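Novice: Take a look and give me a structure for this.
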Amino acid sequence: MVERNGTDKLHSLRGSIDRSALLTVRDIIEREEPLAAPTLDGYLNPTVLEVPLGDGRRSADSARIDVQWTTRADYKFHYTDTDGVNFRWDSHPHGGDYISVPGLEYYHPPPDATSDPDDIEESCIKQSVEALVTRAVLKLWRVAYHADSYDPLNAASNPP
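Specialist: Below is the predicted model:
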């Protein structure tokens, strides 16, 4: 198995970052998630929407969700916390690396958001509109937060 990196064209977001989409995601998070304070890393030419959370999963003191959204509707919602836990929901081509994932939408499970093809799951999020994907991610995160379990993170019906 060849290790993929962020510059591999077969496994990367397509298109440039969509500022308008990130602003929509930011506005939804500001309205719907009381633990969050989202900011763009650059207002005119952002590369990521950073969503620091006042609390993390389980024993983590804090956490962050980094969001990227492109003009081709590819996205990443990547959670990381002070306990070193990572997971993410993606939608973009994966070059056939994840044979158990039939489409573009997939999930990298905790604790390390592995890219091991045997561990990648098909995402329960099948939407492609930024507002619906954002609400789904927030709902999945919130349910898992209250359940004090990672199990609900990718266990909903579409849309969650």
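
Novice: Below-threshold pLDDT in the chain: ranges please.
Specialist: 1-11, 158-160 (pLDDT under 70).

Novice: check contacts around the residue nearest the centre of it.
Specialist: Nearest residue to the geometric centre of the chain (C-alpha atoms, centre = their mean): residue 77, 1.6 Å. For residue 77, the contact set (C-beta atoms under 8 Å, 6 or more residues apart in numbering) comprises 65-67, 88-90, 133, 137. The way it works is simple: take the backbone N, C-alpha and C, and place the C-beta from them, glycine included.

Novice: Same list, these, but as TSV with neighbour count please.
Specialist: Formatted as TSV, these follow (neighbours: other C-beta atoms under 10 Å):
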residue	neighbour count
65	26
66	17
67	26
88	22
89	25
90	25
133	27
137	25
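
Novice: for this structure, what spans make up the strands?
Specialist: Per DSSP state E, the chain carries strands over the ranges 39-40, 49-53, 63-69, 75-81, 86-91, 105-108, 121-122.

Novice: For those, give me JSON lines that also has distance to residue 142.
Specialist: What follows is these, written out as JSON lines (distance: least, C-beta to C-beta, whole Å):
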{"stretch": "strand 39-40", "distance to residue 142": "20"}
{"stretch": "strand 49-53", "distance to residue 142": "11"}
{"stretch": "strand 63-69", "distance to residue 142": "12"}
{"stretch": "strand 75-81", "distance to residue 142": "12"}
{"stretch": "strand 86-91", "distance to residue 142": "14"}
{"stretch": "strand 105-108", "distance to residue 142": "17"}
{"stretch": "strand 121-122", "distance to residue 142": "20"}
